[in-house]
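Engineer: Next input, structure requested:
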Amino acid sequence: MDNTNQRKPLINGEIALFLRGLIIGKVLTLMVIGGLLWWLLKPNLASRSSVDSSSNQSLNTVSSNASTFQTVAQVPTASFNYGGSTAWASIRQLVDSQIQSARPELQLRYVDPVNSSPGSSSGIRMLLDGQLDFAQSSRSLTDEEQAIARERGFTLEQRQVGMDGIAVVVNPSLKLSSLTVDQLQKIYLGQITNWEQVGGPNLPITPLSQRPEDADTAIFANNSDLKGQALGSNVQYVYSTTEAVRQLSKTPGGLYYASARSVVFQCSVKTLLLGRTSDQVIPPYREPMVSPEQCPRQRNQLNTQAIKNGSYPMIANLFVIIKQNKGREQQIGDAYAKLLLTDQGQRAIEQAGFVGIR
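Structural biologist: Residues are numbered from 1 along each chain as shown. Predicted coordinates for the structure are as follows:
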């Protein structure tokens, strides 16, 4: 009897059982290895989870710790008068409106001077005279202003909240690209009277300025030897930066200095590079310069990096001037400065085109 056909099913069955056992063994082996790896890595995974959780908690803490207008305590509920520097115009438009939206209990009213042009000097004078509750300034307090305050029974504090530059602008047709700080100051002292003396064309210089008693910025602020010096007899006085820019556009030899934030974006004037020396001149605007032909589609922007790192030679610090008299004026001046120095306030100051100090 032939058992061949009987052996074939038997062999096939044995092979199937062998393969089945092999597969099951492989699966069990993989499960054992996987379990062993999980057990070995478990502490690391737990540690990593802890680190990730800690990182997320840290990020949430940083975010929640950012100071805002809402986090400032003791903001008085009332209406207050303030004024001063015209360079602060964009802060009043952008930042102050945000403050009043976040803190509706605080009402701020800007007040113009009656018999003088608006500016840092006139604002400080109005604060001394009791016409303002606090003032905005683009320059430091003078010894004379501090002395007047002491005579009246209080002191003045200047609290810095931002930075600006002082830019020099001329008629666009002037064939000159830069000046040194020393040359600029000598022009306003009447010691340099022709552009030819500083490498320009043979053309008389017509320096424009606000009157020192009303001025927004101080051209001799960084030179202690020149503080209090009278300007030259050839200086023509203007009411405001707006008037100066208008005059420059029709005065080929004209020159004016002002807050960089106020003039670098203007289309009708040319901004000069400025340096401590003639071989290290810095633009107050971001390069490349936007030409008059491109303006107003594009406008020059403030060179915030050069102002922040101190390479630009003429800086105008932004101060809140606070009357230290233990009264409502001190309370609001202190609160306003604290609002501007919050993280939210500093971001808003930079959005307004200035440089924050934090």
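
Engineer: Ends of stretch 220-237, what's the gap?
Structural biologist: Criterion C-alpha to C-alpha, to the nearest Å; first-to-last residue distance in stretch 220-237 is 17 Å.

Engineer: ugh, typo on my part, it should be stretch 304-317
Structural biologist: Stretch 304-317 has an end-to-end distance of 13 Å (C-alpha to C-alpha).

Engineer: Same check on stretch 172-189?
Structural biologist: OK, stretch 172-189 end separation, C-alpha to C-alpha: 23 Å.

Engineer: what's across from Ser178 in the sheet?
Structural biologist: Leu273 (DSSP bridges).

Engineer: List the contacts of it.
Structural biologist: 272-275, 278, 281 (C-beta atoms under 8 Å, 6 or more residues apart in numbering). The C-beta positions use only the backbone N, C-alpha and C, and glycine is treated the same way.

Engineer: among those, which ones are buried?
Structural biologist: Buried by 16 or more other C-beta atoms under 10 Å: 272-275, 281, out of those.

Engineer: does Arg92 count as helix, strand or coil?
Structural biologist: Following DSSP: H, G, I helix; E, B strand; the rest coil, we place Arg92 in the helix state.

Engineer: what's the neighbour count on it?
Structural biologist: By other C-beta atoms under 10 Å, the residues close to Arg92 number 18.

Engineer: measure it to Pro207 for me?
Structural biologist: The gap separating Arg92 from Pro207 is 28 Å, by C-beta to C-beta, to the nearest Å.

Engineer: Which parts of the stretch 1-150 of the chain are strands?
Structural biologist: Taking DSSP state E, counting those that start in this stretch as the test, the strands found in the stretch 1-150 of the chain are 78-84, 106-110, 134-137.

Engineer: mean confidence score for the longest one?
Structural biologist: For strand 78-84, the mean pLDDT works out to 97.

Engineer: And stretch 349-358, by the same measure?
Structural biologist: 94.

Engineer: Over to stretch 164-174?
Structural biologist: For stretch 164-174, mean pLDDT rounds to 96.

Engineer: In that stretch, which residues are buried?
Structural biologist: So for stretch 164-174, counting by 16+ other C-beta under 10 Å, buried means 164-171, 174.

Engineer: Looking at these, which are in strands?
Structural biologist: 164-170 (DSSP state E).

Engineer: For Ser85, give me its contacts.
Structural biologist: 118-120, 123, 136-138, 216, 259, 318.

Engineer: Can you say which two of those are spatially most distant?
Structural biologist: Using C-beta to C-beta, those span at most 15.5 Å, a distance reached by Pro118 and Leu318.

Engineer: Between the two, point out the one with more neighbours.
Structural biologist: For Pro118 versus Leu318, neighbours defined as other C-beta under 10 Å are more numerous around Leu318 (28 against 24).

Engineer: Dihedrals phi and psi, that one?
Structural biologist: The phi/psi pair for Leu318 (degrees, to the nearest 10) reads phi -100, psi 120.

Engineer: And the closest residue to it other than its chain neighbours, how far from Asp133?
Structural biologist: Sequence neighbours aside, Gly162 is the residue nearest to Leu318 in space, at 3.9 Å (criterion: C-beta to C-beta, 6 or more residues apart in numbering). For Gly162, the distance to Asp133 equals 20 Å [C-beta to C-beta].
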